Structures are given as structure tokens and as C-alpha cells.
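A.B. asks: sequence first, then the predicted structure, then my questions.
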Amino acid sequence: GDSVTQMEGPVTLSEEACLTINCTYTATGYPSLFWYVQYPGEGLQLLLKATKADDKGSNKGFEATYRKETTSFHLEKGSVQVSDSAVYFCALSPLNQAGTALIFGKGTTLSVSS
Amino acid sequence: GAGVSQSPSNKVTEKGKDVELRCDPISGHTALYWYRQRLGQGLEFLIYFQGNSAPDKSGLPSDRFSAERTGESVSTLTIQRTQQEDSAVYLCASSLNRAVTDTQYFGPGTRLTVL
């Protein structure tokens, strides 16, 4: 079945370091891809999304490109801040149609120190 | 505007008791989802409601789990005869459900602990 695999954490970085969180997926058809973020004490929030191959989602300095050839959607940021400390979840919508439950990875905890 | 709200935020119960969890979706959102997040795991889909259509119950782990939703309003997730493995954070999400690009908005979750 469809699945999402993301790198295990925790990821610990210093402020202004570069970030990459790897995410690969297995899906039949053409899923939509998402990154959600969960800040401490808060609910899940959509960070960015991409709905077709080669689309790039971006938000708050984070980017991810939908790579069909490598079935990947890696999350990147050039310079992280302490406020980026959170748990990041990669997810896909398997049938690329409305009303489909998301399939999530296990989450990657990012800790940024000053 | 108000986001998705869930209650209670925390629930501690004894094994064998029934629990009821509540979700208030964003007004106007026709789709409502329940997910479960066990410690160290990703989110698992439980059940999906779309308007007045029959719900998609394919993710419910056992017949001890059930959920209801009246129209496009509040939903309740009921777990009967709780077991320790039911301990998890239960998350509710809602969306407009007009297109695949519609964002699912999540509530803060209910943390259930079964002793």
C-alpha cells in the first residue's frame, strides 16, 4: 500500500545551519504531497504542499520539490532559527482526489539551539 | 476565525471503561477526519465523514471504535471497553473538500491515557 518514509530524528542544529529532512514515498498513481509541522504545545499545521511532479512548495523559508523520478519530497531550509524547533511530518494524499485521508510519516523532531 | 476544537484535551481512564471524544470542525467544512497518533508513530487514519454520505470507516482498528457526525457539525469518537493500547493522541481535522488541494486543518488533539 501507499506509504511515507522520512528520516528519523532527532535532528539537532545550530542557528543558521542548513536543514534537509528526507522524505520518500510509495504510491500508485499521482499523489499530492505535504509537509506538516507541530510546534511544541500546538496542533499540526500545514507548512507547504505540492500537487504534481516538479512543483515546489514553499513557506516560511522552507522549500520542498515534488520529485517523481526519485519519489521524494525532501524539506529544506537554508538557515534555521530557534523558532523552527518542532516536529515535521511528511504526508501524501494517495488518490489525488478530494476526500482522501492523508498518509503520514512518523515525524522528525528538529531542535535548533542558539 | 475559530479553528478546529477538540475536547477534552486530556483524558485518563481505566481499562475497560468507555470514553467519548468530541470534535468541532471549522464552520462550513464538509469533510471531517479522525486520526490517531501513538507514541513514536505517525498519524493513523481512523474514519472520514463527508456531508451526509456514509462514512469511510476503513481505518477503525476494531469494533470497539465508532464515530458519529450529524450533518456538517460536531463529531464524537467513542471507544468502548478501552485497552491500554488505545492510549494515544486522537486528532480531528476538517476541510472544505472541494479539491484535493484543500488543506486539512487539525485540532489540538485529545491525549487519551488508559491505565
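C.D. replies: Received, thanks.
A.B. asks: now do the same for A:Tyr66: its pLDDT.
C.D. replies: In this model, A:Tyr66 is scored at 96, pLDDT.
A.B. asks: name the residues of the host helix or strand of A:Glu76 that come out as buried.
C.D. replies: Using DSSP states H and E, A:Glu76 falls within strand A:75-77. Neighbour counts using 16 or more other C-beta atoms under 10 Å in any protein chain shown place A:Leu75, A:Lys77 of strand A:75-77 among the buried residues. In this view, the C-beta of every residue, glycine as well, is placed from N, C-alpha and C.
A.B. asks: other SSEs contacting the worst-scoring helix or strand of chain A on mean pLDDT?
C.D. replies: Every helix and strand of chain A was ranked by mean pLDDT, DSSP states H and E. The lowest is strand A:103-104, at a mean of 91. Counting contacts by 3 or more C-beta pairs under 8 Å, 6 or more residues apart in numbering or on different chains; DSSP states H and E, strand A:103-104 packs against strand A:3-6, strand A:86-93.
A.B. asks: run me through the strand neighbours of that strand, direction for each.
C.D. replies: strand A:86-93 (antiparallel) (DSSP bridges).
A.B. asks: average model confidence for the partner strand?
C.D. replies: 94.
A.B. asks: tell me which residues are up against the strand holding A:Glu76.
C.D. replies: Residues outside strand A:75-77 that contact it (C-beta atoms under 8 Å, 6 or more residues apart in numbering or on different chains): A:18-21, A:23, A:35, A:47, A:61-64, A:84, A:88, A:90.
A.B. asks: swap in 6 Å and give it another go.
C.D. replies: Strand A:75-77 has contacts (C-beta atoms under 6 Å, 6 or more residues apart in numbering or on different chains) with A:Leu19, A:Thr20, A:Ile21, A:Trp35, A:Gly61, A:Phe62, A:Glu63, A:Ala64.
A.B. asks: okay, and which of the residues you listed map to helices?
C.D. replies: Using DSSP state H, no member of those sits in helices.
A.B. asks: which residues of chain A score low on pLDDT?
C.D. replies: Where chain A drops to pLDDT under 70, the residues are A:95-99.
A.B. asks: tell me which residue lies nearest the centroid of it.
C.D. replies: Geometric centre of chain A, nearest residue: A:Trp35, 3.3 Å, by C-alpha atoms, centre = their mean.
A.B. asks: quick check, central residue of chain B?
C.D. replies: B:Trp34 (3.0 Å).
A.B. asks: can I assume that residue sits in a strand?
C.D. replies: Yes. Looking at B:Trp34 with DSSP: H, G, I helix; E, B strand; the rest coil, it is inside a strand.
A.B. asks: so it makes contact with B:Ile47?
C.D. replies: Yes. The pair B:Trp34 / B:Ile47 is scored as a contact, 4.9 Å apart, by C-beta atoms under 6 Å.
A.B. asks: which parts of chain B are strands?
C.D. replies: B:5-7, B:10-13, B:19-24, B:31-37, B:43-50, B:65-69, B:75-79, B:88-95, B:105-106, B:110-114 (DSSP state E).
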